[in-house]
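**Q** Okay, predicted coordinates and the sequence, questions at the end:
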Amino acid sequence: MNMATFVRKNRARWERLEKLLTFLERRQATQLDRPTLHELSHLYRASTSDLAFAQTYYPGTTLLLFLHQLVGRAHHQIYRTEGITAKGIGEFFRHDIPRITRKNFDFVTLAAILFLAAFALGLAAVQADERVAHLVLPTSVIEDVYAGRMWTRSIFSAVPSTVSSTIILSNNITVAFWCFIGGMSCGIVTTLILLSCLLFPGRCI
């Protein structure tokens, strides 16, 4: 394909991407509606492919320079990073979290039901026979509970509090991560982890 044919074939797409980028740059838009975002993503991928083609067949041309600049501008708009601000943090907690929770309310409700059901089951089992607690908790934790002490006492006494806090936080993040990727199993792995951490908390500590 000669360069003139290549330009005629793809000119409309490049012009549309350039027009969209000019709009975004002038307005300094921070949020895009879904259709515009999909269009921008599609045009960027197509133009990136055009750039690779031009690098191979039309090196050293003004067309190649134009595509370099166009793709660079699109890349900046798509992958730009936003600074962390107090306003942004406030918006995240005030609007983003409630919106996402409402959007996924069925899943949040299901997780709450699993949590409460496992909690009730564990509580009923221990009420029926206190020896059940020894099946799911380390002896040291049970002794601390009966003595009215925090179960974390043995951990904090063995290593500095900063280290033990980091260990507990890292473990909780790991459990949350496995719950998240467990969604790839249609929620089966996530459900098992939730039940395991509630019925057998010693494994998740």
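**A** All right, it came through fine. Values in this document were obtained by computation on a predicted structure and should not be read as measured data.
**Q** lowest-confidence helix or strand of the chain?
**A** The helix or strand of the chain with the poorest confidence is helix 153-158; it has a mean of 64 (mean pLDDT, DSSP states H and E).
**Q** Following element in sequence after that helix, please.
**A** Using DSSP states H and E, the helix or strand that follows helix 153-158 in sequence is helix 161-181.
**Q** now for that next one, which elements pack on it?
**A** The helices and strands touching helix 161-181, judged by 3 or more CB pairs under 8 Å, 6 or more residues apart in numbering; DSSP states H and E, are helix 153-158, helix 188-199. The way it works is simple: take the backbone N, C-alpha and C, and place the C-beta from them, glycine included.
**Q** tell me how far the longest one is from the chain's mean position?
**A** In terms of CA atoms, centre = their mean, to the nearest Å, the gap separating the centre of helix 188-199 from the centre of its chain is 20 Å.
**Q** Contacts for it next, please.
**A** With CB atoms under 8 Å, 6 or more residues apart in numbering as the test, helix 188-199 has contacts from 111, 114-115, 118-119, 121-122, 136, 175, 178-183, 203-204.
**Q** what stretches of this protein score poorly on pLDDT?
**A** 28-32, 81-84, 151-161, 197-205 (pLDDT under 70).
**Q** Which segments of it make up each domain?
**A** 3-79, 106-203 (automatic domain parsing).
**Q** Columns distance to residue 88 and mean neighbour count on top of the ones you listed, output as a markdown table?
**A** Converted to a markdown table, those look like this (distance: least, CB to CB, whole Å; neighbours: other CB atoms under 10 Å):
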| stretch | distance to residue 88 | mean neighbour count |
| --- | --- | --- |
| domain 3-79 | 10 | 14 |
| domain 106-203 | 22 | 13 |
